[in-house]
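Asker: Here is a sequence together with a model predicted from it:
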Amino acid sequence: MNNLKERIEALSAARLRGVRRGIEKESLRAQPDGKLALTPHPGALGSALTHPHITTDFSESQVELITGAHKDVETVLQELVQIHQFTYRVLDEAGDERLWVSSMPCGLPTDETIPIGRYGSSNVGRAKSVYRMGLSHRYGRRMQTISGIHYNWSLPEVSSEQYFALIRNFRRHAFLLLYLFGASPALCSSFVDGRPHELQPIGEGSMHMPHGTSLRMGRLGYQSEAQASLAVSYNSLDGYAASLQDALTRPWPAYEAIGIRNLGGDYNQLATTLLQIENEFYGTIRPKRVIYPGERPLHALRERGVEYVEVRLMDLDPFEPVGINAQTMRFLDVFLLHCLLTDSPPDTREEIADLAHNQHLTAARGREPGLQLSRAGKPVLLTEWGGELLQEFAPVAAALDAAHGGSKHAEAIEAAAAALKDPSILPSARVLAAMKASHNDSFVSFVRAQSAQTRETLLALPFPAEQGVEFERLTRESLDEQKRIESSDTMPFEIYREQYVSPARLGFKNHWPELATGPVSQSAAL
C-alpha cells in the first residue's frame with residue numbers, strides 16, 4: 001500500500017483529469033415477440049462500413065454503437081444516449097424493432113439463418129463479411145450473437161510496458177468485475193440447443209445458473225478448443241506480439257479442412273490459420289492502437305506501441321437504458337488506475353490456468369456463499385479477496401475525486417462494498433428476481449419487457465432538431481464514403497485477401513502496398 005500511495009501522489013491532478021474513456025456497445029435488433037430481427041441493417045443508420053458511431057458487429061442484426069474518447073464520464077454517457085436516441089428513432093420510423101437489452105441473445109432461428117454482417121462490394125467490405133463467415137464455420141453463429149460493452153481507456157504518458165503491467169493485474173482481478181457487474185445469469189434455451197451445458201431449467205424456455213453472474217463470460221460464451229491451446233503471455237509487447245504472430249501464421253488442421261473457398265467458389269474464411277486476424281483472439285482485455293487504413297493491428301502495436309486498453313468483459317445492464325451508468329464507469333476508472341499503479345509481477349503458465357479457472361467459476365457460481373477462487377495456487381474466498389481489493393481502491397478513488405471534485409468515485413467503491421456484502425443487489429441477482437416476480441421465470445419475457453421499457457424511455461427523451469440534422473449528415477457522408485471506397489477499388493479480391501493475411505504485414509516495416517485509400521473510420525477495421 002505504501003508503494004501505491006507514493007505512486008498516486010506522484011500523479012498530478014491534470015494527468016488524472018487526462019484519463020480518456022470511450023464505449024463500444026453491441027445489441028441485437030429484436031422483434032416485439034422476442035425473436036431476432038432478420039431485416040438488413042437500416043439504411044437510415046448509414047453505412048456499417050464507414051459510419052463513425054453506428055455499425056454492426058458479427059451479425060447484420062447486431063448493432064454496434066461507438067462513442068468517441070472523452071475526458072469526462074458524463075460526456076461519454078451523453079454521447080452514448082444521443083446515438084441510442086437516433087438509432088431508436090430510425091427503428092421506430094421503420095417499424096417496431098427494438099434493441100435487445102441483455103447480453104445473452106433473444107430467441108434465435110437455426111444457426112445458418114442468423115444473418116452475417118454485410119458491408120458492400122469493396123475489398124475491405126467483402127473481407128469483413130468473409131471474416132465473419134469464417135467465425136461462423138469455426139464457432140457457430142449463435143456464439144457470435146452474444147453482446148457486450150467494451151470500455152476503452154487510456155492515461156497520458158503511459159508506456160507499453162506499463163500498459164502490459166496493467167493488463168496482467170486486470171486479468172488477476174477481473175473476477176471482481178464479473179461478480180459486481182455480470183448481468184447474464186440466465187438465457188433462452190434456444191441458445192444451447194444441441195450443445196452440452198451445465199445450466200438448470202427455469203421457467204418456460206429458459207435456462208440459468210442459480211448463483212451465476214455472467215454466462216456470457218463462462219464456458220458457454222466466447223470459448224474455442226483451438227484458442228484454448230494458446231497460452232498468451234502479457235509480460236511484454238514483444239512476447240504478446242510473438243504469441244499472436246504464431247497464432248496468426250500457424251496452420252490449424254480443422255480450419256484447413258474447411259478451406260478458404262467452398263466447391264462453388266464462395267469464400268469460407270480469410271485464412272486457415274489458428275486465428276484469421278488479430279480480433280479473433282478472445283480475451284477479457286486487449287492492448288490497442290488506432291490503425292491506419294489497411295494496416296494490421298499487430299503491426300500498429302509493434303510500430304507505435306500501446307495507445308489504450310479495451311476492456312471486454314462488461315455485460316449489458318438490462319436495468320440501464322444504455323446498458324451502463326456513470327457510477328459503473330467511475331468504478332472502472334478506479335479499477336484500471338489501481339491495476340496500473342500496483343506492482344504487477346510477470347505471469348506464468350500456472351497463473352494463466354488459475355485465471356481461466358477463476359473466470360469460469362465466477363461466471364457460473366460467483367454469488368454462491370463461500371465460493372473460493374485460486375490465488376497463487378491457494379484457495380481464497382471470493383468475498384475476502386474482493387474486500388481486500390476494495391480497500392486498496394479507496395486512495396485511488398480519493399485521488400480521482402480530488403482531481404475532479406466531489407465524491408462520486410468514492411461512492412462507486414462504497415456501492416461495490418455493499419454489493420460484496422449483499423449479493424441480492426447485484427445485477428445478476430436482480431435479473432433472476434425480476435424474472436421470478438413478474439415473468440414466471442421466463443428470460444425472454446423479462447428481457448422483452450425491459451427492452452420495450454428502454455425503447456419508450458429513450459424515445460421520450462428530448463432530442464433537439466439540430467442533433468437529428470447532425471446524425472442525418474453522418475448517415476449521408478458514410479454512404480458517400482462507402483461508394484467512394486467501392487469505386488476506387490481496382491485490386492482483385494483474392495489478391496487483396498492474400499496481401500492482407502500475409503505474415504509480412506505483421507512485422508515492423510511498412511513496405512507493403514496500401515489496401516485502402518483515404519481515411520477509414522474505426523468501424524471499417526476488420
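Answerer: Now that the structure is in, tell me what you want to look at.

Asker: Please count neighbours and contacts with C-alpha atoms only from this point.
Answerer: Noted.

Asker: Give me the distance between residue 168 and residue 352.
Answerer: Using Cα to Cα, to the nearest Å, one obtains 10 Å as the distance from residue 168 to residue 352.

Asker: higher neighbour count, these two?
Answerer: Neighbours were counted for residue 168 and for residue 352 using other Cα atoms under 10 Å; residue 168 has more, 24 against 18.

Asker: looking at it, the more buried one is touching residue 344, isn't it?
Answerer: Yes. The pair residue 168 / residue 344 is scored as a contact, 6.6 Å apart, by Cα atoms under 8 Å.

Asker: Do a quick rundown of the helices in the stretch 401-526 of the chain.
Answerer: Taking DSSP state H, counting those that start in this stretch as the criterion, the stretch 401-526 of the chain contains helices spanning 408-421, 427-438, 443-460, 465-488, 493-500.

Asker: Ok, which of those comes nearest residue 286?
Answerer: For residue 286, the closest of the helices of the stretch 401-526 of the chain is helix 493-500, at 21.3 Å, according to Cα to Cα.

Asker: what does that closest one contact?
Answerer: 123, 127, 270, 294, 296, 505, 515 (Cα atoms under 8 Å, 6 or more residues apart in numbering).

Asker: Adding pLDDT, secondary structure and neighbour count as columns, could you present those residues in TSV?
Answerer: Putting those into TSV (pLDDT from 0 to 100; DSSP: H, G, I helix; E, B strand; the rest coil; neighbours: other Cα atoms under 10 Å) gives the following:
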residue	pLDDT	secondary structure	neighbour count
123	97	helix	23
127	97	helix	25
270	98	coil	26
294	82	coil	20
296	93	coil	19
505	91	helix	21
515	55	coil	17
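
Asker: returning to what we had before: out of the helices of the stretch 401-526 of the chain, which comes closest to residue 255?
Answerer: helix 493-500 (16.6 Å).

Asker: any idea where the strands of this structure begin and end?
Answerer: Ranges of strands within the chain are 20-30, 54-56, 62-66, 98-99, 149-154, 186-188, 200-201, 206-208, 285-288, 308-314, 372-375, 378-381, based on DSSP state E.

Asker: Just the CA atoms of stretch 134-145, as CSV, please.
Answerer: Coordinates of the C-alpha atoms in stretch 134-145 are reproduced here as CSV (Å, rounded to 0.1, in the frame of the first residue of the first chain):
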residue,chain,number,x,y,z
GLY,A,134,-15.0,-17.8,-41.0
LEU,A,135,-16.2,-17.2,-37.4
SER,A,136,-19.5,-18.9,-38.2
HIS,A,137,-17.7,-22.0,-39.6
ARG,A,138,-15.3,-22.1,-36.6
TYR,A,139,-17.5,-21.4,-33.7
GLY,A,140,-21.1,-21.3,-34.9
ARG,A,141,-23.3,-18.2,-35.3
ARG,A,142,-25.1,-18.5,-32.0
MET,A,143,-22.0,-17.8,-30.0
GLN,A,144,-21.3,-14.6,-32.1
THR,A,145,-24.7,-13.1,-31.2
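
Asker: and residue 491, how many neighbours does it have?
Answerer: Using other Cα under 10 Å, residue 491 is surrounded by 13 other residues.

Asker: Who are the contact partners of the closest residue to it other than its chain neighbours?
Answerer: In space, residue 491 comes closest to residue 123 once its chain neighbours are excluded; the distance is 7.9 Å by Cα to Cα, 6 or more residues apart in numbering. Listed by Cα under 8 Å, 6+ apart, the contact partners of residue 123 are 486, 489, 491, 492, 493, 496.

Asker: For the second one, give its distance to residue 11.
Answerer: Look at residue 489 and residue 11: by Cα to Cα, they are 48 Å apart.

Asker: same deal with the last one?
Answerer: Taking Cα to Cα as the measure, residue 496 falls 46 Å from residue 11.

Asker: neighbour count winner among those two?
Answerer: When residue 496 and residue 11 are compared for neighbours, residue 496 comes out ahead with 19 against 11, by other Cα under 10 Å.

Asker: hey, where'd the helices end up in the stretch 251-400 of the chain?
Answerer: Along the stretch 251-400 of the chain, the stretches classed as helices by DSSP H, counting those that start in this stretch are 253-258, 297-304, 326-341, 349-365, 382-404.

Asker: tell me the most buried of those helices?
Answerer: Per-residue neighbour counts averaged over each of those give the maximum for helix 326-341, namely a mean of 21 (mean count of other Cα atoms under 10 Å).

Asker: what does that helix contact?
Answerer: The list of residues contacting helix 326-341 from outside it, by Cα under 8 Å, 6+ apart, reads 4, 7-8, 73-74, 77, 153, 162-163, 165-167, 169-170, 392-393, 396-397, 400, 408-409, 412-413.

Asker: mind redoing it with 7 Å?
Answerer: Outside of helix 326-341, the residues within contact range by Cα atoms under 7 Å, 6 or more residues apart in numbering are 4, 7, 73-74, 162-163, 165-166, 169-170, 393, 396-397, 409, 412-413.

Asker: and those residues, which are buried?
Answerer: Among these, those that count as buried by neighbour count (16 or more other Cα atoms under 10 Å) are 4, 73, 162-163, 165-166, 169-170, 393, 396-397, 409, 412-413.

Asker: what's the lowest-pLDDT member of the residues you listed?
Answerer: Note: of the buried ones among the contacts of helix 326-341, the lowest pLDDT belongs to residue 4, at 92.

Asker: State whether that one and residue 342 are indeed in contact, as I suppose.
Answerer: Yes. Residue 4 is within contact range of residue 342, at 5.8 Å (criterion: Cα atoms under 7 Å).

Asker: and residue 372, how far is that from residue 383?
Answerer: Counting by Cα to Cα, the gap between residue 372 and residue 383 amounts to 9 Å.

Asker: what do you get for residue 412?
Answerer: Counting by Cα to Cα, the gap from residue 412 to residue 383 is 17 Å.

Asker: And for residue 370, the neighbour number?
Answerer: If we define neighbours as other Cα under 10 Å, then residue 370 has 12 of them.

Asker: what pairs with the residue nearest to it when sequence neighbours are not counted across the strands?
Answerer: Distance criterion Cα to Cα, 6+ apart; nearest residue to residue 370, sequence neighbours excluded, is residue 381 at 6.3 Å. Beta-bridge pairing of residue 381, defined through DSSP bridges, involves residue 372.

Asker: can you count the residues close to residue 265?
Answerer: Applying other Cα under 10 Å, we find 8 residues neighbouring residue 265.

Asker: Can you give me the pLDDT of it?
Answerer: Per-residue pLDDT puts residue 265 at 94.

Asker: List the buried residues for the helix or strand of the chain with the lowest mean pLDDT?
Answerer: The helix or strand with the lowest mean pLDDT-type score in the chain, counting by mean pLDDT, DSSP states H and E, is helix 225-228 (a mean of 74). Of the residues in helix 225-228, those buried under the neighbour-count criterion (16+ other Cα under 10 Å) are residue 227.

Asker: CA atoms of stretch 311-324 as PDB?
Answerer: Listed in PDB are the C-alpha atoms of stretch 311-324, where the atom choice follows Å, rounded to 0.1, in the frame of the first residue of the first chain:
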ATOM      1  CA  VAL A 311     -11.900  -3.900 -21.500                       C
ATOM      2  CA  ARG A 312     -14.200  -6.600 -23.000                       C
ATOM      3  CA  LEU A 313     -15.900  -8.400 -20.100                       C
ATOM      4  CA  MET A 314     -18.700  -6.000 -19.300                       C
ATOM      5  CA  ASP A 315     -22.300  -7.300 -19.700                       C
ATOM      6  CA  LEU A 316     -25.100  -5.100 -20.900                       C
ATOM      7  CA  ASP A 317     -27.000  -4.000 -17.800                       C
ATOM      8  CA  PRO A 318     -30.700  -4.500 -18.700                       C
ATOM      9  CA  PHE A 319     -31.800  -2.100 -15.900                       C
ATOM     10  CA  GLU A 320     -29.900   0.800 -17.500                       C
ATOM     11  CA  PRO A 321     -31.300   2.500 -20.700                       C
ATOM     12  CA  VAL A 322     -27.900   2.400 -22.500                       C
ATOM     13  CA  GLY A 323     -26.500  -0.700 -20.700                       C
ATOM     14  CA  ILE A 324     -24.100   1.100 -18.400                       C
END
